[in-house]
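Peer 1: Sequence first, then the predicted structure, then my questions.
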Amino acid sequence: MKQFEKKSVTPLGYKTPEGFFEQSKKSIKALPRKKNRQTISFVSFSAAASILLLVPITTMNFNTNNQLTQWEEDEFVTDLLMETLVMEETQIDAAIEASLIANFENENPLKP
Amino acid sequence: MNSLFRFSKSASTERYFNALVEEHHDQLYWLIRKWVSVHDDAEDVLQNTWMKIYKGLPGFKGDSKISTWMYRIAYHESLRFLKKTKTNYRLDDIDSDYLNRLKADTYFDVNQAHLVLHQALGKLKEKERFLFTLKQEKEMTFKEMGAILGMNENSIKTIYYKAEKKVKNHLQINTDYETV
C-alpha cells in the first residue's frame, strides 16, 4: 500500500504532451475573453440573420399582394363572361340594338 | 486562500479567475485525468470545468472553501462525461471501460506495474474511484470529500474503506507488483 501511495503522488503512468500545462493555462485564461467575443458575435449574427430573414418575407408579402390583385382581375372578367352566358338571347339582341342606336345617334346628331 | 477570496471581492472576476487558474489548474487536471483516464478527454472536461467555474464565480458566496467548490464542479463534469461515454456495462468485477480507455490513450505509459495499479483501480466503482483518488491525491479529510460529493461523512468513510480494501486485495494477489 505504501508503495502505491508513493506512486500515486506522481501520475500513474500518465503522460502529458510537452508544454501542456503552460499552453492549457494560457488557453483557459483566454476563455472569458473568447466567451465575450462569442456573445458579441452571436448578437451580430442574430441581427444579420433577422435582417436576412425579414427582407425575403417583406418581398414575399409584396409579391403576394400583386398576385392577389391579378387574381382579383381574372375573377372579375370570369364573372362578366359567366353573366353573359346566362343572359337570354333576346336580352342580348335588345342590348345590341340599343347600343347600335345610341352609337348612331351620337355619330349623327339631329340637326335643327 | 481566504485572503485571496477577500482580494477577489475587490478585484475583477477575470483577474480572480486567472489567479485561480494559476493556483489550481495542475491539481484539477490530475484529478480529472485520474477520473476520466485519457488525456484528451481530461483536457475537454478540464476546459468545461473552468468554464463552469468562471460562470459560477460571481455567485460564489464563500460558504465552502473555493477549492472544495471547484473540485465539486470537476467531479460533476467528470461524472457527466463518464456517463455520456459509457459503452460497456460491468459484467464482472472489472470496469472494462476504464481499462480500455486507458490502453487506447497515447499518453499512457503501458508497463506491467502501471497496469496492475490500474487493474486495481478498475475494480472500483466510479464513486469509489473518485473518493480513492481524492484521498490519495489530495489527502483530503472525509468531511471535505463529503462536501465535494454531496454525501455525509459516514457514508464517505464506508465507501472509501471498501475501496481501499479492494485495492489492497488486488495488489496483494498480484505479488509481482511489490518487486517493481
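Peer 2: Ah, there it is. Numbering: from 1, shown residues only, chains lettered A, B, ... in the order given.
Peer 1: Regarding residue A:12, what is its secondary structure?
Peer 2: coil (DSSP: H, G, I helix; E, B strand; the rest coil).
Peer 1: Give me the three-state assignment for the closest residue to it other than its chain neighbours.
Peer 2: Spatial nearest neighbour of residue A:12, chain neighbours left out: residue B:117 (5.5 Å); criterion: Cβ to Cβ, 6 or more residues apart in numbering or on different chains. In short, each C-beta sits where N, CA and C put it, glycine included. Under three-state DSSP, residue B:117 falls in the helix class.
Peer 1: Residue B:117 and residue B:104, how far apart?
Peer 2: Distance from residue B:117 to residue B:104, counting by Cβ to Cβ, to the nearest Å: 17 Å.
Peer 1: okay, the two: which has more neighbours?
Peer 2: Using other Cβ atoms under 10 Å in any protein chain shown as the criterion, residue B:117 and residue B:104 rank with residue B:117 on top: 22 against 10.
Peer 1: separation between residue B:122 and residue B:18?
Peer 2: In terms of Cβ to Cβ, residue B:122 sits 37 Å off from residue B:18.
Peer 1: Model confidence score at the residue of chain A found nearest chain B, please.
Peer 2: Residue of chain A nearest chain B, by Cβ to the nearest Cβ: residue A:13 (3.2 Å). At residue A:13, the pLDDT value in this model is 84.
Peer 1: Just give the number of residues close to it.
Peer 2: The number of residues packed near residue A:13 is 18, by other Cβ under 10 Å.
Peer 1: Let me see the contact set for it.
Peer 2: Residues counted as contacts of residue A:13 (Cβ atoms under 8 Å, 6 or more residues apart in numbering or on different chains) are B:108-111, B:113-114, B:117-118.
Peer 1: So which of those residues is the closest to chain A?
Peer 2: Nearest to chain A, judged by Cβ to the nearest Cβ, of those is residue B:114 at 3.2 Å.
Peer 1: wait, isn't the closest one in contact with residue A:12?
Peer 2: Yes - with contact defined as Cβ atoms under 8 Å, residue B:114 and residue A:12 form a contacting pair (6.0 Å).
Peer 1: between the two, who's got more neighbours?
Peer 2: Taking neighbours as other Cβ under 10 Å, residue B:114 and residue A:12 compare with residue A:12 leading, 23 against 18.
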